[in-house]
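Undergrad: no sequence on this one, just coordinates:
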């Protein structure tokens, strides 16, 4: 009789249970959003995706929606909604790229740039707090691991489909 092993018995060669690690990663993501919810969301009337867009444009200077989606891992539809909302608020402006008429270049307005500068110290504090307990070598190893995981999740097959999405379909 083949029973599913309890989590404590499902260790891999590395000694870590992949489901346990997945749950810790999900918890990490939730914990990382807490300072945003607690300190920025209500104060500046900004959603998490709007915050991501502002912070990325602030760092990049100018960019396009599809580039923001690629960099952030957020769907293009969610980025598009955030950009539309930020345009209505007067924090972001989109202009047609003179070199590619189908591409819209996004940049922060003066008001958006001021908001970016107000929110940046909180983002910086989160990053510093998160990694202060790691030694420099551990930080580099963590960064390499995260990059490898993202590369795996971003991989595409010959038809351009996400291998991750295809491999994780539920059984019918």
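TA: All right, it came through fine. What you see is a predicted model, and the numbers here were worked out from it, not measured in a lab. Numbering: from 1, shown residues only.

Undergrad: what is the mean pLDDT for stretch 163-172?
TA: Mean pLDDT, stretch 163-172: 93.

Undergrad: So for that stretch, what gets flagged as buried?
TA: The neighbour-count check on stretch 163-172 (16 or more other Cβ atoms under 10 Å) flags nothing as buried. Every residue, glycine included, has its C-beta placed from N, CA and C.

Undergrad: swap in stretch 110-122?
TA: 112, 115, 116, 119, 122.

Undergrad: ok, the second one - contacts?
TA: Residue 115 makes contact with 44, 46, 54, 91, 108 under the criterion Cβ atoms under 8 Å, 6 or more residues apart in numbering.

Undergrad: For the chain, just list every one of the strands.
TA: Using DSSP state E, the strands found in the chain span residues 62-63, 92-97, 100-108.

Undergrad: Run through the neighbouring helices and strands of the second one.
TA: So the one you mean is strand 92-97. The criterion is 3 or more Cβ pairs under 8 Å, 6 or more residues apart in numbering; DSSP states H and E, and the helices and strands that strand 92-97 contacts are helix 48-60, helix 76-89, strand 100-108.

Undergrad: Can you give the contact residues for the first one?
TA: If I follow you right, that is helix 48-60. So helix 48-60 is contacted by 33, 36, 40-41, 46, 63, 67-68, 71-72, 74, 78-79, 81-83, 85-86, 91-92, 106-108, 112-113, 115-117, 119-120, 123 (Cβ under 8 Å, 6+ apart).
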